[in-house]
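>>> One predicted model, sequence on top.
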Amino acid sequence: MNTPTGTRRVLVTGLGTFWGGRVAQALELDPNVEVIVGLDTTEPTVELERTEYVRVDANYSILARIVRAAQIDTIIHTFLVVDPTTMSPRAMHEINVIGTMNLFAAASAPASTVRSVVVKSSTIVYGCAAQDPVWFTEDTPPSRPAQRGVERNLEAVEGYVRDFAQDNPHVTVSLLRFSNVVGAEIETPLTRALQLPLVPSLAGFDPRFQFVHETDVIRSMLFVLNRNLAGVYNVAGDGLIPWSEVARICGKRTVPLPPIGTSLLTGPLARLGVVDLPEEYLQLLRFGRGVDNARLKDAGFRYGFTSVAAVQAFIESVRLRNTIGTGQPSYRYERDVEQFFRHSPAVIRD
Amino acid sequence: MSESDIPRPTTEATEATEVTEATEATEATEADRAGDWLIERALSGPRPGSGALVPLAVDHSSADSEVGGEHLPGRVSDVDEWGRSEHMRAIARRLYDPVYSKWFRAEWEGLEHIPTSGGALIVANHAAAIPSDAPVIIHGIEKELGRPVYGLADNFFRRLPFVGTLWSRLGGLPAHPDNAYRLLSEQGQLVLVFPEGSKGPAKTYSERYQLRRFGRGGFVEIAMQAGVPVIPIAVVGAEESMPTLFRLPSIASVIGAPYVPVTANMLALGPLGAITYFPAKFKLRVLEPVEFNVPPGQDRYSQSRVMDWSEAIRDRIQNALYDMLRSRESVWFG
């Protein structure tokens, strides 16, 4: 059994994604983390010092072998796609549902060494409907059955997480549901919408939004890991802000889209590459969503950013980026170079 | 990325975070704080993208984040977590006051039963095709007591463009038990609910002042859970301000509305009648608060007790209405 201060051997899924890369970077700085193995179908996009990258197929068929071979005791499952604009529903299902299923199959294999699991889910799982409460707690059920791709994916994923936690009481399973993430680097349909000259909204609707800053996302994952916190936690900044105010904080005006037959307009707009607002987000522009973050705060977590502060920080970094560019050439993973640094006897390590 | 070339975050903010974390050092493990510190450093260190150049604005944090949803620094509107805007309320109060005091000539009785602080659930009878009682009660209490009132209503409102947003800014919110509980118990606010739901305003003129069923007693359960009193109000006048002659259920089911009325106002005033009230005299009587003497915060309460209370409160309002109607000489002059 793992103690909070014991060393860890960590497996990170989705190393090539924003979250996987960031989490691995943060873990590298923790001397208690002995081994970090990162899985993905694509190469890492951030510079990593000691994380081992393993290329796998989208649904992790070789996972059980990796877990056994590396004696993995901690799995951080960040590879859940919640932005439906990035891929087809089928590919998303493959990654989210089938991937998670295989992950937990591997983790619950006989004699498995896995003792903690952290899963990065999203508040999208609560759905978005007129009959919703203003604040969802971790125990509030969705107001109606899951409607669309991401919601249904996450519902299935969380089902696997629950089953796994139930069948493996010796494993600390934490499920984090993140609200709308903004920050210097993360790109979502909302951050793209907020960078347009005019921010789309639905005529006659001005729902309240909640945001969480990307650093709070990483910090919360490490927080539950370090404290061995089991259970479901909402991760979202304090406060709800009307969409019109979000736009104003970003120094933008809103352009109202017709509230009826919206997808007739957003479909062509997406094909023209102007703005891609999938159904989930159109619904959010209609009713908004708030989640109660008290449970994680009661466990001792301090948010660095409120909803407003997160939006401010986001738009400040956008302005800076628009003025001076990204500053540095982006990182490129070179397999041989990485292998050399990690394994060549010629490299002196301390 | 070696540690030496990572600039230490320079804002006092980071110090502030450290301080707050140090205060709870008793429960924080060594690894935990190390993790938090390392991540702060990792995330503010140089890396591809613009992150390196943006100071981590943690200074908006800890101290203020305790305040709750409202009054956070950086806000540029006063819309609270429920969607209510005091600014919008002030405008609405100015515009609505002539309707309240000149058109309906609202008259209160027993206002002292409404507490000046702490949560309370206000329940009243509900009438008129477009209910005129809700704005009168909310406006009246805000005017007389200076306390905001949040009105719970069918989430049908929330689906309507413009109307729904306006409704929300003026203090309306969907009638979800979680919303009511939070407002009453955690925030100690006044919440107005009409237990008859849409069955109240849907009734026709011939059924006036006959209270409908009080739902399943949900309002009693919420008040019990939140540990707040229920304050019943009997309203006379709303029924005559926009009486429904008959309903059009087939149209209602097509457009998804709870009911579609044909009102006397429409017959008398034409299209204008759809939004114009008759100047009926409003009288409101606040009845004795009902305290439940049950431990708050339980998941469920005895259904029979809940229903008994619900019936009892309904009877009190019904009897008060009969009493007020007995002494009413004129629909228009009271």
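Noted; the coordinates are in hand. Numbering: from 1, shown residues only, chains lettered A, B, ... in the order given.

>>> Kindly state the pLDDT recorded for the nearest residue to A:Val46 once chain neighbours are set aside?
Nearest non-adjacent residue to A:Val46, counting by C-beta to C-beta, 6 or more residues apart in numbering or on different chains: A:Gly21, 3.8 Å away. C-beta coordinates here come from the backbone N, C-alpha and C atoms, glycine included. pLDDT for A:Gly21: 91.

>>> Equivalent analysis for A:Asp139, please.
pLDDT recorded at A:Asp139 is 93.

>>> Please report the distance of it from A:Arg162.
13 Å (C-beta to C-beta, to the nearest Å).

>>> do the same with A:Ser307
28 Å.

>>> Poorly predicted segments of the stretch 1-150 of chain B, please.
Residues of the stretch 1-150 of chain B meeting the criterion pLDDT under 70: B:1-72.

>>> where do the strands sit along the chain?
I went with chain A, as the question did not name one. Ranges of strands in chain A, per DSSP state E, are A:8-13, A:33-40, A:52-55, A:74-77, A:116-122, A:172-178, A:180-182, A:198-202, A:208-209, A:211-213, A:231-235, A:241-242, A:253-257.

>>> nope, chain B
B:107-109, B:120-124, B:149-153, B:172-174, B:190-193, B:230-236, B:244-247, B:261-263, B:283-286.

>>> out of the ones you listed, which comes closest to chain A?
Nearest to chain A among those is strand B:172-174; the distance by C-beta to the nearest C-beta comes to 6.5 Å.

>>> give the contact list for B:Ile137.
Neighbouring residues of B:Ile137 by C-beta atoms under 8 Å, 6 or more residues apart in numbering or on different chains: B:Ile122, B:Ala124, B:Val149, B:Leu192, B:Ile233, B:Val235, B:Leu284.

>>> next one: A:Glu214
Counted by C-beta under 8 Å, 6+ apart, A:Glu214 has contacts A:Phe18, A:Arg22, A:Val181, A:Val182, A:Gly183, A:Ala184, A:Glu185, A:Ile186.

>>> which of the strands of chain A sits most buried?
With neighbours defined as mean count of other C-beta atoms under 10 Å in any protein chain shown, these peak in mean count at strand A:211-213, which reaches a mean of 29.

>>> packing partners for that strand?
Strand A:211-213 sits against strand A:180-182, helix A:307-324, with contacts defined as 3 or more C-beta pairs under 8 Å, 6 or more residues apart in numbering or on different chains; DSSP states H and E.

>>> Out of these, which is the most enclosed?
It is strand A:180-182: most buried of those by mean count of other C-beta under 10 Å, with a mean of 26.

>>> which secondary structure elements does it contact?
Looks like strand A:180-182 contacts helix A:189-194, strand A:211-213, helix A:214-226, helix A:307-324 (3+ C-beta pairs under 8 Å, 6+ apart).

>>> quick one: contacts of the shortest one?
Pointing back at strand A:211-213 there. With contacts defined as C-beta under 8 Å, 6+ apart, strand A:211-213 is touched by A:178-183, A:235-237, A:241, A:303-305, A:307, A:309-311, A:313-314.

>>> cool, the first one as well?
The set of residues external to helix A:189-194 that reach it, using C-beta under 8 Å, 6+ apart, is A:83, A:85, A:180, A:182, A:199-200, A:209, A:246-247, A:250, A:252, A:275-278, A:281, A:314-315, A:318.

>>> ok so, going back, may I see the helices and strands packed on strand A:211-213 organised as JSON lines, with mean pLDDT added?
Shown next, in JSON lines, are the helices and strands packed on strand A:211-213 (pLDDT from 0 to 100):
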{"stretch": "strand A:180-182", "mean pLDDT": "95"}
{"stretch": "helix A:307-324", "mean pLDDT": "92"}
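
>>> To what extent is B:Arg208 buried, counted in neighbours?
16 (other C-beta atoms under 10 Å in any protein chain shown).

>>> again, but for the one 5 residues further on
The local packing count at B:Arg213 equals 14, with neighbours defined by other C-beta under 10 Å.

>>> So which residues on the stretch 101-250 of chain B come close to chain A?
Taking C-beta under 8 Å from any C-beta of the partner chain, the part of the stretch 101-250 of chain B that reaches chain A is made up of B:155-156, B:158-165, B:173-174, B:176-179, B:182.

>>> Counting only helices, which of these make the cut?
Counted as lying in helices by DSSP state H, out of these, are B:Val163, B:Gly164, B:Thr165, B:Pro177, B:Asp178, B:Asn179.

>>> Pull out the buried residues from those residues.
With burial judged by 16 or more other C-beta atoms under 10 Å in any protein chain shown, the buried subset of those is B:Gly164, B:Thr165, B:Asp178, B:Asn179.

>>> Enumerate every residue touching the residue lying closest to A:Ala109 once chain neighbours are set aside.
In this structure, A:Ala109 finds its nearest non-sequential neighbour in A:Ala64, 5.3 Å apart by C-beta to C-beta, 6+ apart. By C-beta under 8 Å, 6+ apart, the contact set of A:Ala64 is A:Ala105, A:Ala106, A:Ala109.

>>> I figured B:Leu192 hits B:Pro131, correct?
No. Contact between B:Leu192 and B:Pro131 fails when scored by C-beta atoms under 8 Å: they sit 11.1 Å apart.

>>> what about stretch A:140-152, near chain B?
Yes. Contact of stretch A:140-152 with chain B (C-beta under 8 Å from any C-beta) involves A:Thr140.

>>> returning to what we had before: from the buried ones among the ones in helices among the residues of the stretch 101-250 of chain B next to chain A, pick the one nearest B:Asp80.
B:Asn179 (12.5 Å; C-beta to C-beta).

>>> residues in contact with that closest one?
A:Pro133, A:Val134, A:Trp135, B:Trp82, B:Leu152, B:Leu173.

>>> Against A:Ala294, how distant is it?
With C-beta to C-beta as the criterion, B:Asn179 and A:Ala294 are 16 Å apart.

>>> Comparing A:Asp139 and A:Arg162, which shows the higher neighbour count?
The residue with more neighbours, out of A:Asp139 and A:Arg162, is A:Arg162; 13 against 8, by other C-beta under 10 Å.

>>> Point me to the residue of the stretch 101-250 of chain A nearest chain B.
Counting by C-beta to the nearest C-beta, the stretch 101-250 of chain A gets nearest to chain B through A:Gly204 (2.5 Å).

>>> confidence score at that residue?
94.

>>> In contact with it, which residues?
A:Pro256, A:Pro259, B:Leu160, B:Pro161, B:Phe162, B:Val163, B:Gly164, B:Thr165.
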